[in-house]
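S.K.: sequence? don't have it. structure:
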């Protein structure tokens, strides 16, 4: 990080943004930490009644939200939400008001993943709607604001079960697609969001028409993903879920086979985020087991367990690895049960040991493989960290959930 002792609050806030953008390109955690540090210094040096304070608070909140998404520390997203709220409330009359309100809505939606408080989702919807009312009709950020509203509505519908929120989410997401040009780089992300909403609709209505619409939308979203893009894993998984829902409604075995195949492809897609791949592999195992395909189920579960060391990658802080692993309780047991049912007790023992000892096994190498690599080739070790971070940051995280 460049020397900041003599930088003005404005320059520090600009530096915060520059370092954040640099992080989004490089994936280097030190760039993100430096962005947060510069943002803190900027806000601290800005007077309480300075008209620029809301924007500087929002810039810091954005950097903190990114760091939460990278490391999962709840303190970051809690602080981000507090800053974003202060910024939005104090920016009346500012041309930046719509963007600050939209950023607050996004931050509250992300905070819900930690708090579980439905008030965060209600706030996310309310602030997203305020941003759209505040924004001029030709505001270039308006489509993004509308997309943020759609995601908040969908998340709230999933949480509450309220169909009217789901219908509104679908309408908003269709409007987003209509307003997005064919060549827009965000179009595939918006299409994936719409496909998720249509799949949830089919899960509720249990009608063939809605299931067909979900499959078509997910197929179109997958077609929009650039070759080799890390979001390919999530798009394949989403299409698999849509086929699975249609199978549950129509009982067409071809949908069941297609669903498992798509989740298998998602799991083995090299370059996809480890968590997305592991989720895909787990569903591959679960669906195959339900369908009575024990051997195929064993392959899926075993593949998922094998991905856990990447999910809890040794390059992350130990606390972050422990948070990641807490989400996978029961996976190794499911894999072992499937192996036992398939007549392979040796494999059952192996996957149990592998699943329960991920972090413990890493601790047997106190220097760590990454540290050892850094000693031999610092540049290569840095590149490993950058690539891993870039993959994790490229999941097109607008999508509400994955399973």
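M.R.: Structure received. In this text, all values refer to a predicted model and were calculated from it rather than measured experimentally. Numbers count the residues shown, from 1 in each chain.

S.K.: for the closest residue to residue 249 other than its chain neighbours, list the residues it contacts.
M.R.: Leaving aside its sequence neighbours, residue 249 sits nearest to residue 211 (C-beta to C-beta, 6 or more residues apart in numbering; 4.9 Å). Any C-beta I mention is one placed from the backbone N, CA and C, and that applies to glycine too. By C-beta atoms under 8 Å, 6 or more residues apart in numbering, the contact set of residue 211 is 202, 242, 245, 246, 249, 250.

S.K.: cool, residue 379 as well?
M.R.: Contacts of residue 379 (C-beta under 8 Å, 6+ apart): none.

S.K.: show the average pLDDT along the host helix or strand of it.
M.R.: Using DSSP states H and E, residue 379 sits in helix 378-393. Across helix 378-393, pLDDT averages out at 65.

S.K.: likewise for stretch 250-268?
M.R.: Averaging pLDDT residue by residue across stretch 250-268 gives 97.

S.K.: do stretch 273-290 as well
M.R.: Across stretch 273-290, pLDDT averages out at 92.

S.K.: and the residue nearest to residue 249, how far is that from residue 202?
M.R.: Noted for residue 211: a distance of 4 Å to residue 202, by C-beta to C-beta, to the nearest Å.

S.K.: so what sits against both of those two?
M.R.: In contact with both residue 211 and residue 202: 242, 245, 246, 249, using C-beta under 8 Å, 6+ apart.

S.K.: ok, these vs residue 161, which is closest?
M.R.: The shortest approach to residue 161 among the shared contacts of residue 211 and residue 202 belongs to residue 245, at 16.6 Å (C-beta to C-beta).

S.K.: so which helix or strand takes in that closest one?
M.R.: helix 232-250.

S.K.: what comes up buried for stretch 223-232?
M.R.: 224, 225, 229, 230, 231, 232 (16 or more other C-beta atoms under 10 Å).

S.K.: contacting residues for the first one?
M.R.: Counting by C-beta under 8 Å, 6+ apart, residue 224 makes contact with 187, 188, 191.

S.K.: where's the last one, which helix or strand?
M.R.: Element membership of residue 191 [criterion: DSSP H and E] is helix 187-205.

S.K.: that helix versus helix 232-250: what angle between them?
M.R.: 20 degrees (axes from the mean of the first three to the mean of the last three C-alpha atoms, to 10 degrees).

S.K.: rounded mean pLDDT for the following helix or strand past helix 187-205, please.
M.R.: Heading C-terminal from helix 187-205, the first helix or strand you meet, by DSSP H and E, is helix 208-224. Mean per-residue pLDDT for helix 208-224: 96.

S.K.: and helix 208-224, what's buried?
M.R.: 210-215, 217-222, 224.

S.K.: with stretch 43-61 instead?
M.R.: 43, 46, 53, 54, 55, 56, 57, 58, 59, 60, 61.

S.K.: for stretch 136-153, same thing?
M.R.: Residues of stretch 136-153 classed as buried: 139, 142-153 (neighbour count, 16+ other C-beta under 10 Å).

S.K.: before we move on, back to that, quick one: average pLDDT of the helix holding residue 191?
M.R.: The average of the pLDDT scores along helix 187-205 is 96.

S.K.: so which bits of it are buried?
M.R.: By neighbour count on 16+ other C-beta under 10 Å, the buried set for helix 187-205 is 187-203.

S.K.: which helices and strands does it pack with?
M.R.: Contact here means 3 or more C-beta pairs under 8 Å, 6 or more residues apart in numbering; DSSP states H and E; on that basis helix 187-205 packs against helix 142-160, helix 163-179, helix 208-224, helix 232-250.

S.K.: angle of that helix against helix 208-224?
M.R.: 160 degrees.

S.K.: residue 60 in helix, strand or coil?
M.R.: Under the three-state scheme (DSSP: H, G, I helix; E, B strand; the rest coil), residue 60 adopts helix.

S.K.: returning to that earlier point: possible to save the buried residues of helix 208-224 as a markdown table with distance to residue 285?
M.R.: Putting the buried residues of helix 208-224 into a markdown table (distance: C-beta to C-beta, whole Å) gives the following:
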| residue | distance to residue 285 |
| --- | --- |
| 210 | 27 |
| 211 | 23 |
| 212 | 27 |
| 213 | 28 |
| 214 | 23 |
| 215 | 22 |
| 217 | 26 |
| 218 | 21 |
| 219 | 24 |
| 220 | 28 |
| 221 | 24 |
| 222 | 22 |
| 224 | 28 |
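
S.K.: tell me which of those residues is nearest to residue 74?
M.R.: Once C-beta to C-beta is applied, the member of those that ends up nearest residue 74 is residue 221, at 31.0 Å.

S.K.: could you pull up the residues touching that closest one?
M.R.: 188, 191, 192, 194, 195, 235, 238, 239.

S.K.: go again using 6 Å as the cut-off
M.R.: Taking C-beta atoms under 6 Å, 6 or more residues apart in numbering, we find residue 221 in contact with 191, 192, 195, 235.

S.K.: residues in contact with residue 202?
M.R.: Counting by C-beta under 6 Å, 6+ apart, residue 202 touches 210, 211, 214, 245.

S.K.: what's the spacing between the first one and residue 216?
M.R.: In this case it means residue 210. 11 Å.

S.K.: domain parsing for this protein?
M.R.: Listed by automatic domain parsing, the domain ranges of the chain are 1-94, 296-377.

S.K.: can I get these in JSON lines with distance to residue 289?
M.R.: What follows is the domains of the chain, written out as JSON lines (distance: least, C-beta to C-beta, whole Å):
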{"stretch": "domain 1-94", "distance to residue 289": "30"}
{"stretch": "domain 296-377", "distance to residue 289": "4"}
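
S.K.: ranking those domains by burial, who's on top?
M.R.: Across these, averaging neighbours per residue (mean count of other C-beta atoms under 10 Å) puts domain 1-94 on top, at a mean of 19.

S.K.: could you pull up the mean pLDDT of that one?
M.R.: For domain 1-94, the mean confidence score works out to 90.

S.K.: near residue 173, how many other residues are there?
M.R.: 27 (other C-beta atoms under 10 Å).

S.K.: all further residue positions should be reported with the first residue as 435.
M.R.: With the count now opening at 435, the last piece we talked about shows up as residue 607.
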